[in-house]
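Novice: coordinates for the following, if possible.
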Amino acid sequence: MTTSKALNAALDERGLMPAQFSELMIRMLDRGVLCRDESGKEAELYDRYVQCADLVADYLSVLHIRVLHDARFRTVRLFPPGAEVPGLPDAADQGFDGGLRARLSQQEVATILVLRAEYDKALREGQIDEHGEATLPIEALNLASKNLLGRPLPQARTEREALFRRLRRLRLIRGASDAALDDAEAWLIVRPDITSLVTDTVLAQLGAGLADPGADRDDDEED
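Specialist: Residues are numbered from 1 along each chain as shown. Down below sits the predicted model:
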């Protein structure tokens, strides 16, 4: 039996069609993350992933892409070869430097660092809800950015919109809609995924990148 026929047979056993599996894989490889509570579509795809998680892992193992499934918070995140993945054994560095590796601008790096620091603070203070999320005023994030890194959030509306849009796309935050960015009292939700995407080691690596002007690369991805 060919690989394609074997996959189709395995999908049939799970009540899935090849087109559904293809849609799932395309979405996961394009976004790199699924969060069930993000939207109706992501809920559908997440449930489909649960039906065929072993097939997804086998399919991606050929590319040395690893999958981290957080069943508690119902998220699935893909990691490229060589990436440090909490809860999974270290893998040998495959020299992978594209695709799933998010190309972060200097401002994005700075904001992710502050978000992680603020999430850790909320964790220590017991301010995490039952979903593992922390609520943070945007103004508090701006103040923390000034205190920790000596730089505020972008002042220009278009830049701030692009920053929060990217963070939402990476499924690191919820809320902070474009319409709310002018409201000094607006809040955002920091997802627990930030601890899996941004490990202690990665934090150190990202911190080093802040001092490297060459690390600032344009990324025009939209939500």
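
Novice: for residue 46, which non-adjacent residue is closest in space?
Specialist: Leaving out its chain neighbours, the residue that sits closest to residue 46 by CB to CB, 6 or more residues apart in numbering is residue 36, at 4.1 Å. In this view, the C-beta of every residue, glycine as well, is placed from N, C-alpha and C.

Novice: quick one: that neighbour and residue 47 touch, right?
Specialist: Yes. Residue 36 lies in contact with residue 47 (CB atoms under 8 Å); the separation is 7.5 Å.

Novice: rewinding a little: any idea how far the residue nearest to residue 46 lies from residue 29?
Specialist: 18 Å (CB to CB, to the nearest Å).

Novice: could you point out the helix or strand that follows the helix of greatest length in the chain?
Specialist: When the chain is parsed with DSSP state H, its longest helix is helix 106-124. Per DSSP states H and E, the first helix or strand lying C-terminal to helix 106-124 is strand 134-137.

Novice: so how far is that next one off the chain centroid?
Specialist: The chain centre lies 18 Å from the centre of strand 134-137; the measure is CA atoms, centre = their mean, to the nearest Å.

Novice: what lies in contact with that strand?
Specialist: 115, 118-119, 122-123, 127-129, 185-190 (CB atoms under 8 Å, 6 or more residues apart in numbering).

Novice: after that strand comes which helix or strand?
Specialist: That would be, after strand 134-137 and using DSSP H and E, helix 138-149.

Novice: report all helices and strands that that next one contacts.
Specialist: helix 106-124, strand 187-190 (3 or more CB pairs under 8 Å, 6 or more residues apart in numbering; DSSP states H and E).

Novice: neighbour count: residue 36 and residue 47, which is higher?
Specialist: residue 36 (18 against 12; other CB atoms under 10 Å).

Novice: if anything else comes up later, I'll come back, but that's it for now.
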